[in-house]
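K.L.:
Sequence plus predicted model, see below.
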Amino acid sequence: MVDTTVSASVTRPSPLVAMVGVTKRFGAIAANEQVDLEVFPGEVLALLGENGAGKSTLMHLLYGLYAPDDGHISVDGKEVHFASPRDAMAAGIGMVFQQFSLLPNLSVLENLLVAWPAAPWWQGRARSIMSEVLVWLRKLAPNLDPARRVSDLAVGERQVVELAKVLNLDPRIVILDEPTSVLTPDETARLHGFVRNLAVAGKAVIFITHKIGDVTACADRVAVMRHGRLVEQGVSSSKSSDQIVSAMVGQTVLNRVGPAAPVSPVPRLQIFKLSTSPNDSNCPVDALTLTVGSGEVVGVAGVIGNGQTALAEAIAGLMPVLTGEITLDGASLACLGNGLPPPTRALAYVPERPIDNAVVADLDVATNLDLRLLQAQPFFSANLDRAGRAAALISDYDVRPRNPDLAAGSLSGGNLQKLVIARELSGSPNLVVACYPTMGLDLIAADAVRQRMFEHAARGSAVLWISEDLDDLLQYAHRIAVLFNGRLMGIVARDGASRDRIGRLMAGIGDEPRVA
Amino acid sequence: MSPDRSRGIASILASILPTLIMAVVFILVAMAFFMSIGKPPLSTLTDMVKFAVGDTYSLSETLVKTAPILLCALATIVPARLGLVSVGADGQLFVGALFGTAVVLAFRNAPGAILLPAMLLAGMAGGALWGFVPGLLRGRLDANETIITLLLNYVGALLVNALVFGPWKDPSNLGWPATISFPAAAMLPGFFGTRAHLGLVFGVLAAVGFGMLFAKSRWGRELAILKGNAKVGRMIGLSFPREAMLVMSLGGALGGLAGICEVAAIQGRLQPGISVGYGLTGFLVAWLSGHNAFVAIMVSFLIGGLAAAGDSLQLFAKVPAASATILQGLLFATALAVGGLSQRWRASRG
C-alpha cells in the first residue's frame, strides 16, 4: 500500500524526523492511522491531501499540539514526547500556521521581538539586536518596512513576517501549513524559491499543500494522505501530476467542466459608474461600470486589496454607494438609508473570510445554515427542522464534521467555506456574488463549488466571481474584469485573454482605453 | 453500571463540581473572615443562615432585598444578550424612582387603580429613557455604552438629590431632604403583612418572560446573531443600532421599575440613598448567572439573603456594619476565581 521507493541518493543521512505507526483518534474518528513518515535534512517534503485527510493533524502531532494515541516520533534518532509546542521548538521544529499568530496592533519589528528568545526586557532603542532580529525578514522581503503595523500589511506580507518569526528561532525542521493558499502568483514563486534555499541550507522543510504547482516548483519528495493514512510517497520527479491527483482524490472523478456559453444574454446585474466612499482600510471602487448577463460568469481578477471587497459589499447592499447605481433586473441593490441591504432573496452572496464576514462563530452550524430563513420564521418557533434541512445541506455540501449542533467556530476554514457555500448557493438566486469561494478548499471541494456556481449560471443567473486564482478564471469564466486600485482596467473575453495581458492589467498597466 | 450511564453521571458531576467547590471555598473564606473580626466562625455562620431564611420575618426581608437586585440584574442581562455591557442600573433605578414620584406628586388624589399603574409605567419610562440615551449613542455613534451608563449613574442620583433638596422637599420635614409621604393609594401592596412586595413578582415575571424570549423566540436568536457577528446580522437585514436602542431601553425600564418599587413599597417617599448599591450588585449577579435570566432568580435570592442576614447580624450579633458588603465581595471574588480556575482546568485537560 505504502510506496517505499528508496530515493535516488544512495547514502542518505539518517532521518531528522521519523514517525512510526503514528495514530491519533478524535472520539471514534481516526484522524491519523498508522502513519510512517521520515523527513531528511536538506529536503523539501510536500505533504499532500484533501481537506480533512489528516495532514494538519499529523503536523500538529509533530509540533506537540497533540500527543499521538499510538506509535512514536523521534527526532535525530531519539524518541521524543512533546508536551507542548515549546518542547517541539526546543527540539528544533518550527511551524508556520495557516491562521497567523501575529499581533495586529504591533509593528512588524515588535512582532518579531515578541517571539525572539533573546529579546531584552527593555526594548526602547535596542539597535544592536535589531539587525539580528531582522536578518531573516531582510532576506525574505528586503522592501518590507519593519516599522509598519501588522494590521496594515497585505496577507502575503503577513505570511512573510510569520515565516521570519519562525526562522528566527533557527529551526532545523520547518513546517509550512498551506502557505500558498493566500498568495499571489508572484509571491508564490518567491516563496518557492525561498523554500529551496532553506533546503540547500540543510533544513528539512515539510510543505503542506493541496496544489500540484507547489510540488512541481519546489518539492524533492511527496507524501500523499487520504482518510488519515499515507497512501503514496516517493521522489516527486517520479510522479506525474495525474498520479498525485488520483492518489489524493481516490475514486472521485473531477468534473473540470466550464459553464456553457450564454446565448444572447439578457443583462441582469448592471453597475453604472459606481463609486464607494473610502472607509477603513478598504480600497474604494472608483467609477466602475460592469454588466453581467443571464447565464454569464464574469470573473474579477486583481491583486487582493484593489477594490474587490468594496465592489462585492456594495452589490450585497452592505456598503453605501457614493455615486452611481447597481441594479438587478432593474431593481436597485444599493443599501438603504439605515445601512441595511434591501430585502431581496434573489441574491446569493459569498463574502471573503467567512469566519469574519459570513458566519456567527458562537452559534451552531444549523443556525448558521438557516440564517437566511430567520426573518421568515414566526416569532415563537422551535429551532428550524434541524434533522431535515441542516443535515441534508451538511451532507450535500460535505461539511465536516457532520454535526449540526457544533459551534461554527470549531470548524476548519475549508469547512466553514463549505458551510457558507451551502447556505448561499442552495437556493435559486438571480445573482451570485462569490468572493474567493474556493480559497482554502481542496481539489474535490473546489470543483464542487465551481459546479454549483455554474449550475446557477445554467439556470440563467448572473454570476460575478471574484478570484485570486487566475488559472481558474482563465479556464472557466466567460469574461474577466481586471481591477486595479479600485478602477476597472479592462474586461477581457476568455478567448482573447492571456496570462500576460491580464497580469499587466492587474499591475495597473493598461493596454487599451479604459472601459467607461 | 454501563459505561454510558457512568459517563452521564460523571458529566453531571463535572458540571456541578465548580458550584460545589465555590460554595465550600466561600464558606471557608467567610469563616476566616468571622475569625479575623473575633467572632466564633461556626455559630456566626449558622446565625447568618438563620437570619436569611430562618423564619417568616427573615425570609420576607430576604425577599425585600431580592426584588431590586433581580430587577437590576435583568437590567444588565437584557443588554448583555446583544453583547452590550451596561453598568447603569443604579442610574436607571434613581430616574425610575424620580419619574414615578413625579406622577404621584402631580396626581396625589387620584384613586389607586389609576395612580398605581401610572406611577409604575412612569417609573419604567424614566428608566427606559436612561437606557435609551446610551443605547442611541452606542447604536448611532458607536460610543462606549459602559462608560456612558457609568457616568449617567451619577447624573441620575444627583438629579434626585437636586429635586429632594430643592423644589420637591416637603416643607414639613424641617430640612430633611425628602418628598412628602406617598398617599396610601400610591403604596405598592405587600404580602401577608410583611415588607415583601409586588416588585418581587414583577422581577420574577420579567425574568421568566425574558428568559423565554431569549431561549425560544426569533428575537432571542436575532440578538445572539448580532452579538456574535454584527456584520452577518446586517447581511440578513438585522439592524444593530435599532436593537441596541431596544435592549438598552428595555433593560433601563426594568432598572426604573426597581427604583419606583423601592420608593413605593419600602421608603414611602423619594429621598437620597434609595439604592444601597443595588445596581452594581445586580451587575455582578448578572455575570454570576452567566446572563441567564432564570439563573438570575436564584442568584438574586442568594445575594438578597446575604444582604438581609448581614443587616440582622449587625443588629443582633454585633458584627460591624460593613460585614454584609464584605461577605458579598468575598462571594463574588470566590465565584470569579473558582469559575476562572475551573475554566483553565477544563482547557488544560482539552
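P.N.:
Yes, it's here.
K.L.:
Stretch A:197-208: which residues count as buried?
P.N.:
A:198, A:199, A:203, A:204, A:205, A:206, A:207, A:208 (16 or more other CB atoms under 10 Å in any protein chain shown). For glycine as for every other residue, the C-beta is placed from the backbone atoms N, C-alpha and C.
K.L.:
what's the spacing between the third one and residue A:140?
P.N.:
Using CB to CB, to the nearest Å, one gets 14 Å for the distance from residue A:203 to residue A:140.
K.L.:
got it, and the fourth one?
P.N.:
Going from residue A:204 to residue A:140 by CB to CB gives 19 Å.
K.L.:
Let me see the confidence value for residue A:500.
P.N.:
Looking at residue A:500, its pLDDT is 79.
K.L.:
Tell me how many other residues surround the spatially closest residue to residue B:125 that is not a sequence neighbour.
P.N.:
In space, and not counting its chain neighbours, residue B:125 is closest to residue B:99: 5.9 Å by CB to CB, 6 or more residues apart in numbering or on different chains. Counted with other CB atoms under 10 Å in any protein chain shown, the neighbours of residue B:99 add up to 23.
K.L.:
so residue B:99 is in which element?
P.N.:
helix B:89-106 (DSSP states H and E).
K.L.:
Could you list which residues are in contact with the residue of the stretch 251-400 of chain A found nearest chain B?
P.N.:
At 3.5 Å from chain B, residue A:360 is the closest residue in the stretch 251-400 of chain A, using CB to the nearest CB. The contact partners of residue A:360, by CB atoms under 8 Å, 6 or more residues apart in numbering or on different chains, come to A:367, A:368, A:371, A:408, B:224, B:225, B:228, B:229, B:232.
K.L.:
Using TSV, lay out the residues you listed together with distance to residue A:91, pLDDT and secondary structure.
P.N.:
Shown next, in TSV, are the contacts of residue A:360 (distance: CB to CB, whole Å; pLDDT from 0 to 100; DSSP: H, G, I helix; E, B strand; the rest coil):
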residue	distance to residue A:91	pLDDT	secondary structure
A:367	43	89	helix
A:368	40	92	helix
A:371	45	88	helix
A:408	35	89	helix
B:224	44	95	helix
B:225	44	95	helix
B:228	39	94	helix
B:229	39	93	coil
B:232	42	94	helix
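K.L.:
Adding distance to residue A:273 and neighbour count as columns, could you present these in CSV?
P.N.:
Shown next, in CSV, are the contacts of residue A:360 (distance: CB to CB, whole Å; neighbours: other CB atoms under 10 Å in any protein chain shown):
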residue, distance to residue A:273, neighbour count
A:367, 39, 24
A:368, 36, 29
A:371, 32, 23
A:408, 38, 26
B:224, 40, 18
B:225, 35, 24
B:228, 36, 20
B:229, 32, 22
B:232, 30, 23
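K.L.:
Find me the pLDDT at the nearest residue to residue B:118 once chain neighbours are set aside, would you?
P.N.:
Residue nearest to residue B:118 in three dimensions, not counting chain neighbours: residue B:103, with 5.2 Å by CB to CB, 6+ apart. You'll see residue B:103 listed with a pLDDT of 96.
K.L.:
Near residue B:103, how many residues? Count them for me, please.
P.N.:
24.
K.L.:
Against chain A, how distant is it?
P.N.:
Look at residue B:103 and chain A: by CB to the nearest CB, to the nearest Å, they are 32 Å apart.
K.L.:
My reading is that residue A:163 lies in a strand. Confirm?
P.N.:
No - judged by DSSP: H, G, I helix; E, B strand; the rest coil, residue A:163 forms no part of a strand; its state is helix.
K.L.:
tell me the contacts of it?
P.N.:
A:96, A:136, A:140, A:176, A:179, A:194.
K.L.:
May I ask which of those residues has the most neighbours?
P.N.:
Neighbour max across these (other CB under 10 Å) = residue A:176, 28 neighbours.
K.L.:
Mind checking what secondary structure it has?
P.N.:
strand.
K.L.:
Then residue A:72?
P.N.:
Taking three-state DSSP, the label given to residue A:72 is strand.
K.L.:
What's the per-residue pLDDT of it here?
P.N.:
90.
K.L.:
so the residue lying closest to it once chain neighbours are set aside, which of the three states?
P.N.:
Excluding its sequence neighbours, the residue lying closest to residue A:72 (CB to CB, 6+ apart) is residue A:79, at 5.3 Å. Following three-state DSSP, we place residue A:79 in the strand state.
K.L.:
Same check on residue B:345?
P.N.:
Residue B:345 is classified as helix under three-state DSSP.
K.L.:
how close does it sit to residue B:339?
P.N.:
11 Å.
K.L.:
Wait, residue A:43 touches residue A:204, no?
P.N.:
Yes - the pair residue A:43 / residue A:204 is scored as a contact, 6.2 Å apart, by CB atoms under 8 Å.
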